[in-house]
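Visitor: build me a model:
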Amino acid sequence: MSEHEWLAERFEEDRGRLRGVAYRMLGSLTDADDAVQEAWLRLSRSDARAIENLSGWLTTVVARVCLDQLRSRQVRREEPLEEQSAPEPAAPVRGPRNPEEEAVMADSVGLALLVVLERLDPAERLAFVLHDLFDLPFSEIAEIVGRSPEAARQLASLARRRVRGAGTTPGADLAGQRRLVDDFLAALRAGDAGKLVTLLDPEFEVHADAAAQAAVPPDIHGAEAWAKTAVRLAGGARLARVALVEGSVGIVIAPRGKLFRVLRFTFEGDRIATMEVIGDPERLQALELGVLETSSQ
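Guide: Below you'll find the predicted structure:
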């Protein structure tokens with residue numbers, strides 16, 4: 001076996017894990033694959049046999065590439081009129097990339113998690129992903145972000161609090177809310193109007209902002225009236241996932257991890273009293289969101 005073949009074989013052993021790191025960092029399968037290919041390019045130019053821990057070396061390279069991309073995104077958001085030229089791919093990408101594959105990848109990671117990760121500072125996101133999701137020690141994370149191990153630990157801690165939600169509504173019964181919203185989502189997906197009525201307060205109200213009114217009729221009053229209209233929303237409900245919304249249990253709709261709608265609820269006893277459908281981009285960005293533990297939904 002030639003050195004190039006040996007190197008390619010070793011790289012393929014790590015490709016899946018590297019792709020997972022990059023995807024959680026960047027939230028885009030195309031960008032993740034580009035980051036992995038950049039790592040291959042840098043490896044092919046290095047003396048690989050002198051690298052003691054090849055897997056660790058590759059993880060570090062991918063993480064740094066991702067961090068640079070995230071910081072570049074921030075610059076582009078601050079300078080929206082500046083033209084950006086797309087770089088040539090470092091090497092042929094293995095296999096086709098398509099929306100279906102991206103959707104499967106996003107769902108496997110967790111749509112709500114991708115939405116919340118998108119809101120983190122680049123260094124926070126890197127520290128959380130590498131430590132909490134991939135068990136990289138803070139000493140190695142510190143070298144990547146250019147800070148001390150203690151500072152890297154603080155970055156991960158701050159990110160962790162934001163991922164879990166900074167706080168919950170005082171007196172909120174999150175477990176009870178979760179059961180209600182899980183049942184609500186299941187009934188919505190099934191188009192079961194009768195079940196929906198049992199979960200909603202008789203005086204249930206729905207309010208939708210202007211951006212969401214095309215899909216959800218605004219200002220509907222009464223559980224039975226809304227349940228009848230909700231049957232046609234079953235298809236879109238497949239994209240919905242439970243999440244913390246402003247300290248209470250709500251729903252995010254995020255195709256391929258990109259936030260599109262948020263459903264915010266109020267609760268009365270063991271019923272859902274109101275639902276607010278938020279679609280305005282500025283309002284979505286201002287919401288405090290967090291990730292709930294995984295459930296069957």
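Visitor: for Ser28, what are phi and psi?
Guide: Dihedral pair for Ser28: phi -140, psi 130, per degrees, to the nearest 10.
Visitor: then Pro202?
Guide: phi -50, psi -30.
Visitor: how about it, what does it touch?
Guide: Listed by CB atoms under 8 Å, 6 or more residues apart in numbering, the contact partners of Pro202 are 222-223. No exception for glycine: its C-beta is placed from N, CA and C like everyone else's.
Visitor: got the phi/psi numbers for the closest residue to Gly56 other than its chain neighbours?
Guide: The shortest distance from Gly56 to any non-neighbouring residue, by CB to CB, 6 or more residues apart in numbering, is to Glu140 (7.2 Å). Reported as degrees, to the nearest 10, the phi and psi values for Glu140 are phi -80, psi -40.
Visitor: and Glu205, by the same measure?
Guide: phi -130, psi 140.
Visitor: surely it touches Ile272?
Guide: No - counting by CB atoms under 8 Å, Glu205 does not reach Ile272; the two are 10.1 Å apart.
Visitor: and the least confident helix or strand in the chain by mean pLDDT, C-alpha only, in PDB?
Guide: Here the helix or strand of the chain ranked lowest by mean pLDDT, DSSP states H and E is helix 234-237, holding a mean of 77. Extracted in PDB, the C-alpha atoms of helix 234-237 (Å, rounded to 0.1, in the frame of the first residue of the first chain):
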ATOM      1  CA  ALA A 234     -51.000  17.800   9.600                       C
ATOM      2  CA  GLY A 235     -48.400  17.800   6.800                       C
ATOM      3  CA  GLY A 236     -46.500  20.800   8.200                       C
ATOM      4  CA  ALA A 237     -46.700  19.400  11.700                       C
END
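Visitor: span of stretch 19-37 from start to end?
Guide: One end of stretch 19-37 sits 10 Å from the other (CA to CA, to the nearest Å).
Visitor: more neighbours, Glu205 and Ile272?
Guide: Ile272 (20 against 17; other CB atoms under 10 Å).
Visitor: tell me the secondary structure for the more buried one?
Guide: Recorded secondary structure, Ile272: strand (DSSP: H, G, I helix; E, B strand; the rest coil).
Visitor: that one touches Leu185, doesn't it?
Guide: No - Ile272 lies out of contact with Leu185 (CB under 8 Å); the separation is 11.1 Å.
Visitor: output stretch 242-252 as CSV, nothing but the C-alphas.
Guide: Extracted in CSV, the C-alpha atoms of stretch 242-252 (Å, rounded to 0.1, in the frame of the first residue of the first chain):
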residue,chain,number,x,y,z
VAL,A,242,-40.9,20.7,21.0
ALA,A,243,-38.5,23.2,22.5
LEU,A,244,-38.3,25.8,25.3
VAL,A,245,-39.8,29.1,24.2
GLU,A,246,-39.3,32.0,26.6
GLY,A,247,-39.1,29.6,29.5
SER,A,248,-42.2,27.5,28.7
VAL,A,249,-42.7,24.4,26.5
GLY,A,250,-43.5,25.4,22.9
ILE,A,251,-42.9,24.2,19.4
VAL,A,252,-40.3,25.2,16.7
